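> Okay, predicted coordinates and the sequence, questions at the end:
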Amino acid sequence: MTEPSPRPAAGGASGQIVRGLWWVGSLRSVGQAVSWVATVAVARVLVPNDYGLVAMAMVFVNIAQVLADFGIGSTVVAMQDLNRREVEELHAASILLGGVACAVILVCAWPISTFYGQRPVAAVVAALGLVVFMNGAAAVPAARLAKDLDYAGMAMPDLLRNVVGAVSALGLALSGAGVWALVASQLTGAAAAFLYVLRRAPTRVTRPQSGRFREALDYSKETMLSRLAWMFYQGMPALLGGRILGAGPLGQYTFPYTLASMPGDKLATVVMQVAQPVLARHQADRAALKALLSRIVESLAFLTWPILAGLALVADPGVTVVFGEKWAGAVTPLRLLAIFNMSVALFAPFAVVCLVTGAARRNRQISVLGAIILPACFWTGATVGGPSGLAAAWSVGLPLFGIPWMAFLRRGIGYRWTELGGALRAPALATAGMTVVVVPILLLPVMSDVARLVSAVAAGAAVFIAIAAITRGRMLRRFVSTLRRQAD
């Protein structure tokens, strides 16, 4: 029998989001601290070729993951009136799809390695197929935790994934396992999250046969097609770069891509994981959606912009100081990707608003547009500029995604460019102030690279926090006060 997950007491939408951020953010921050330390240590042991091999495999593994998930998890959250049996039917479909996707990955492993001309890729692809199955089988139980606003249950799988994966990667890297340290990180992290979710939200498997099941699958199809197109163009740099440049140069792109994506992927995921079910509960209230969207956008900018702008500013000398001289070729890609991800972090709430308001088709259309246009940009970038060219090609995505999403939001909920600008005013001012202080420090000739790096990071953080406190002090004090109440 399916047991309901604990539901928190009702409250205002903003209060629900803050409560969620307390739980999810606290546990995720622990996982991220462990993950960052392990990432630095592992990168100092492994070589760019190891990261390139995994990137080649992940192109196809990620596509299989989208097919396995089929958007069912997001549908369970967005369709608030699904009953227990309908959720159990979707769970059965998700497990079946995960098994089929895993089998397809195993069959395709050797042809994929032949395409790249890299024999080790076959074993990597086959091993990562198990991750696809586990993630697919856990999709519906995880969605139930989100739908029921079980914030502790939502946060713990990510904590386990990060900590267990980081420890596995570090241990194997130090033992000389090479690329298998990265593979084992994925496998062990996925297994830990999978087992926890099944225990926290046990869900029966019921044979699909209801009419609502078909309706839910139709809705899921739009989400799946959107993610499939998104995954297609996300994988193009690795696919084309692996074919044109080889594993070593590709690693000089994929590692900085991972670094630049972390703030947006991790911090934005925390915020959106908490906010999506709250937005879904207010999907019919345009005024509430607009107010929540502005707060979420501002929060994401405050959380991600100082990190991303800081990465761009201190890429040189930061990369060589932290990761070693072998990563010197990653400096320019990191700088370009960090700047690009400052906008990507803000796109996440746009896509979620489309999803919860029943406009999943809009996300699919925007993703398909990216899948049509961006591959040619990546091919040109890899051919002309190598790893830096791949990174620079992403700049085409700024107007390609931002303009259509804002056009929809204006028609759908009346959200205007002026409201977006108002939400970004304070974080932009704090980021600009940080930049003005950091640049002169980095140009000082009398300091060592380590001293300049430490001084720039400390001064930049202090200035950003000071400007944020001056411009949005009342909001921040209210936020901290709410967090303290949650802690008590």
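Here it is on my side, so go on.

> From residue 381, how far out is residue 392?
6 Å (Cβ to Cβ, to the nearest Å). Using the backbone N, CA and C atoms, a C-beta is placed for each residue, glycine as well.

> and what of residue 64?
26 Å.

> and what of residue 321?
Residue 321 is 27 Å from residue 381, by Cβ to Cβ.

> Mind checking which of the two has more residues around it?
residue 381 (26 against 16; other Cβ atoms under 10 Å).

> Contact partners for that one?
237, 389-393 (Cβ atoms under 8 Å, 6 or more residues apart in numbering).

> repeat for residue 362
Contacts of residue 362 (Cβ under 8 Å, 6+ apart): 354, 404-405, 408.

> Quick check: buried residues in the helix or strand hosting residue 96?
Using DSSP states H and E, residue 96 falls within helix 84-116. The neighbour-count check on helix 84-116 (16 or more other Cβ atoms under 10 Å) flags 85-98, 100-102, 104-105, 108-109, 112-113, 116 as buried.

> heading toward the C-terminus, what's the first helix or strand past that helix?
Downstream of helix 84-116 (by DSSP H and E), the next one is helix 120-147.

> Run through the neighbouring helices and strands of that following helix.
Packed against helix 120-147 by the contact rule (3 or more Cβ pairs under 8 Å, 6 or more residues apart in numbering; DSSP states H and E) you find helix 48-69, helix 72-78, helix 84-116, helix 151-174, helix 179-200, helix 268-281.

> Residue 361 is nearest to which of those helices?
helix 72-78 (13.1 Å; Cβ to Cβ).

> mean confidence for that closest one?
Helix 72-78 shows a mean pLDDT of 69.

> Would you map the helices across the stretch 251-400 of the chain?
268-281, 286-323, 331-356, 360-393, 397-413 (DSSP state H, counting those that start in this stretch).

> nearest to residue 244, of these?
Comparing the helices of the stretch 251-400 of the chain by Cβ to Cβ, helix 360-393 comes nearest, at 4.7 Å.

> so how far is the closest one off the chain centroid?
Distance, stretch centre to chain centre, for helix 360-393: 18 Å (Cα atoms, centre = their mean, to the nearest Å).

> the inter-axis angle of it versus helix 397-413?
Put simply, helix 360-393 runs at 160 degrees to helix 397-413, going by axes from the mean of the first three to the mean of the last three Cα atoms, to 10 degrees.

> State the mean pLDDT of helix 360-393.
86.

> if we can go back for a sec, rebuild the helices and strands packed on helix 120-147 as JSON lines, extending it with distance to residue 230.
Formatted as JSON lines, these follow (distance: least, Cβ to Cβ, whole Å):
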{"stretch": "helix 48-69", "distance to residue 230": "8"}
{"stretch": "helix 72-78", "distance to residue 230": "13"}
{"stretch": "helix 84-116", "distance to residue 230": "17"}
{"stretch": "helix 151-174", "distance to residue 230": "20"}
{"stretch": "helix 179-200", "distance to residue 230": "20"}
{"stretch": "helix 268-281", "distance to residue 230": "15"}
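
> what's the closest of these to residue 228?
Per Cβ to Cβ, nearest to residue 228 of those: helix 48-69, 4.8 Å.

> Which secondary structure elements does the closest one sit against?
helix 84-116, helix 120-147, helix 179-200, helix 211-244, helix 247-262.

> Dump these into JSON lines; add distance to residue 328 and mean pLDDT as well.
Converted to JSON lines, the helices and strands packed on helix 48-69 look like this (distance: least, Cβ to Cβ, whole Å; pLDDT from 0 to 100):
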{"stretch": "helix 84-116", "distance to residue 328": "25", "mean pLDDT": "85"}
{"stretch": "helix 120-147", "distance to residue 328": "25", "mean pLDDT": "85"}
{"stretch": "helix 179-200", "distance to residue 328": "21", "mean pLDDT": "89"}
{"stretch": "helix 211-244", "distance to residue 328": "18", "mean pLDDT": "74"}
{"stretch": "helix 247-262", "distance to residue 328": "9", "mean pLDDT": "85"}
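
> For residue 316, which of those is the nearest?
Across these, closest to residue 316 is helix 247-262 (Cβ to Cβ), at 11.9 Å.

> Show me what the closest one is in contact with.
32, 36, 39, 43, 47-56, 118, 237-238, 241-242, 308, 311, 319, 327, 329-330, 333-334, 337-338, 340-341, 386-387, 390-391.

> Return the distance of that helix from the chain's centre.
That offset, for helix 247-262, works out to 15 Å (Cα atoms, centre = their mean).

> tilt between that helix and helix 179-200?
30 degrees.

> Residue 44: what's it in contact with?
323-324.

> Report pLDDT for it.
pLDDT, residue 44: 85.

> so where does it fall, helix or strand?
Going by DSSP H and E, residue 44 is part of helix 26-45.

> Out of the contacts of residue 381, grab the one that's most surrounded.
Neighbour-wise, the contacts of residue 381 (other Cβ under 10 Å) top out at residue 390, 32 neighbours.

> quick revisit: which one of the helices and strands packed on helix 48-69 lies closest to residue 399?
helix 211-244 (15.0 Å).

> count of residues packed around residue 373?
So residue 373, with other Cβ under 10 Å, has 13 neighbours.

> Do I have it right that it meets residue 394?
No: counting by Cβ atoms under 8 Å, residue 373 stays clear of residue 394, with 11.8 Å between them.

> Tell me, how many residues neighbour the nearest residue to residue 48 once chain neighbours are set aside?
The shortest distance from residue 48 to any non-neighbouring residue, by Cβ to Cβ, 6 or more residues apart in numbering, is to residue 251 (3.0 Å). Around residue 251 there are 28 other residues, counting by other Cβ under 10 Å.

> go on, residue 203?
Residue 203 has 24 nearby residues by other Cβ under 10 Å.

> Enumerate every residue touching it.
Going by Cβ under 8 Å, 6+ apart, the list of residues near residue 203 reads 2, 87-88, 91, 140-141, 144.

> How about the backbone phi and psi for it?
The phi/psi pair for residue 203 (degrees, to the nearest 10) reads phi -130, psi 130.

> what's the distance between it and residue 404?
For residue 203 relative to residue 404 (Cβ to Cβ), the value is 36 Å.
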